[in-house]
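A.B. asks: Following is a predicted model, sequence given first.
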Amino acid sequence: MIWLTLDASVILKWFLARGEEPDWPAAEALAGALRQDSVRLVQPPHWLAEVMAVIVRKRLRAADAALKALVGLDVPVLGTEEVYRKASRLAEDTGAHLFDTLYHAVALLMPSCTLLTADRKYLNLAGNFGRIKTLQNFRAPVIACQALDGGR
C-alpha cells in the first residue's frame, strides 16, 4: 500500500482548469489510484478548508460538487501535538508557511508516507528534509482514469 499526503497544490488540479493545469495527467492518474484503493491518503487537519477556500474563490458554482467529492474520500486526519511541533520546526527552518509544513510534517511522521506537491517553491525550501516528491515525478499505480469529480 502506498501512503501519501497531498498538499493543496495537488488536490486543486482535480478541480481547477482541468487539462490546462501542469501535471494534469499525473493528477488524473493519482485520482484513479485513489478510487481503486491502490493509494491511501492521510492529511493534516486544515487540508479541506484550504482546498475549499481556493475552489470557492475561483469557481463558486463548483464548490458543492468539489466538497462532496473530497468528503467522499473519507481521508484520515493526523493532527496530533507532534504534527504541529514538527510543522513549526519545519516552518522555522525553511521560512515556509505553517500550512505548507503541516502537510510535510504528516508525511514525515506517518510511517512509509510521502508528501506529493506541485509547489516547487516549497520543494526547494524543504526538499532536503525528505519524504517529498513532485506530482510530476510520481507514478501512480493506475495509468488511465477520470478525475474525482467524474470529469465534469
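C.D. replies: Looks like it arrived, so ask away. Please read these numbers as outputs of a predicted model, since none were measured by experiment.

A.B. asks: Quick check: which element contains Lys133?
C.D. replies: Lys133 belongs to strand 132-134 when assigned by DSSP states H and E.

A.B. asks: Point out the other helices and strands that that strand packs with.
C.D. replies: strand 113-117, helix 120-126 (3 or more CB pairs under 8 Å, 6 or more residues apart in numbering; DSSP states H and E). From N, CA and C alone the C-beta is placed, and that goes for glycine too.

A.B. asks: Can I get these in TSV including mean neighbour count?
C.D. replies: As requested, the helices and strands packed on strand 132-134 are arranged in TSV below (neighbours: other CB atoms under 10 Å):
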stretch	mean neighbour count
strand 113-117	24
helix 120-126	17
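
A.B. asks: mean confidence for the strand holding Lys133?
C.D. replies: Regarding strand 132-134, the rounded mean pLDDT is 97.

A.B. asks: which residues of the chain fall in strands?
C.D. replies: 2-6, 39-41, 113-117, 132-134 (DSSP state E).

A.B. asks: picking up where we left off before, quick check, distance from the strand holding Lys133 to the centre of its chain.
C.D. replies: Remark: strand 132-134 is offset 11 Å from the chain centroid, using CA atoms, centre = their mean, to the nearest Å.

A.B. asks: for stretch 39-48, same thing?
C.D. replies: Per CA atoms, centre = their mean, the centroid offset for stretch 39-48 relative to its chain is 7 Å.

A.B. asks: got it, and stretch 59-76?
C.D. replies: On CA atoms, centre = their mean, the centre of stretch 59-76 falls 14 Å from that of its chain.

A.B. asks: Please apply the same query to stretch 108-121.
C.D. replies: 8 Å.

A.B. asks: Now that stretch: average pLDDT?
C.D. replies: The model assigns stretch 108-121 a mean pLDDT of 97.

A.B. asks: Give me the residues contacting the longest helix belonging to the chain.
C.D. replies: Ranked by residue count under DSSP state H, the longest helix found in the chain is helix 81-94. Helix 81-94 has contacts (CB atoms under 8 Å, 6 or more residues apart in numbering) with 44, 96-98, 100-102, 104-106, 108-109, 125-126, 129.
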